[in-house]
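1. got a sequence here, can you build the structure:
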Amino acid sequence: MLPTRDRILKIIVNAARLTLGAVFVFSGFVKAIDPYGTALKIHEYARAVGIGLQSDNFLFAIPALLLLTVEFWLGALLLLGIRRKIATIGTLLLMLVMTAITLYIALTGKVQECGCFGDAIVFVVELLVILLLFPTLSVDII
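-> Numbers count the residues shown, from 1 in each chain. Predicted coordinates for the structure are as follows:
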């Protein structure tokens, strides 16, 4: 039997892993329901960071499909507890990139809604930045 401290830490890590996995699966699923809406939001983010392509939003369908696939895949890995190292590194990289972009967008005020969960749950960017700045226990420390 594990000592009390180790048992509590394992429970906390598993709860964080399951919660983050569920959030990623939900986010990927919602984006899969409306991939064109996801492409529009990616286009809006691209314009906000200075990638102002004057093309049709169809060009952003590829990154939209890639993003929803990666989110769903990482969420499934986290929920199932398999390939933990890949899931941890992938989640960390995705969270770092998306947090940096969201922080920039919040500071400049160029985008009002984050689009993280499509139209199912609408976050204003400032609230999302506050939520993202809390540490995530998705690292496999046990």
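2. next one: Leu65 from Asp34, what distance?
-> Leu65 is 12 Å from Asp34, where distance means Cβ to Cβ, to the nearest Å. Where you see a C-beta, it was placed from the backbone N, CA and C, and this is true even at glycine.
3. so who does Ile86 touch?
-> For Ile86, the contact set (Cβ atoms under 8 Å, 6 or more residues apart in numbering) comprises Leu77.
4. distance check, it against Lys110.
-> Ile86 sits 33 Å away from Lys110, going by Cβ to Cβ.
5. need the longest helix for the chain.
-> Longest helix of the chain, by residue count under DSSP state H: helix 4-33.
6. contacting residues for the residue nearest to Phe72 when sequence neighbours are not counted?
-> In space, and not counting its chain neighbours, Phe72 is closest to Gly28: 3.0 Å by Cβ to Cβ, 6 or more residues apart in numbering. By Cβ under 8 Å, 6+ apart, Gly28 lies in contact with Leu68, Thr69, Val70, Glu71, Phe72, Trp73, Gly75.
7. can you tell me which of those are buried?
-> Listed as buried from those are Leu68, Val70, Glu71, Phe72, Trp73, Gly75; burial here means 16 or more other Cβ atoms under 10 Å.
8. name the element the fourth one belongs to?
-> Secondary structure assignment for Phe72, by DSSP states H and E: helix 61-80.
9. next, count neighbours for the nearest residue to Leu79 once chain neighbours are set aside.
-> Once flanking residues are discounted, Leu79 sits nearest to Gly21: 3.7 Å by Cβ to Cβ, 6+ apart. Gly21: 21 surrounding residues under other Cβ atoms under 10 Å.
10. one step back: can you tell me the average pLDDT over the longest helix of the chain?
-> For helix 4-33, mean pLDDT is 87.
11. give me the pLDDT for Phe117.
-> Per-residue confidence (pLDDT) for Phe117: 65.
12. about what we covered before: going by neighbour count, list what's buried in the longest helix of the chain.
-> Neighbour counts over helix 4-33 (16+ other Cβ under 10 Å) mark 13, 16-17, 20-21, 24-32 as buried.
13. I'm done for today, thanks for sticking with me.
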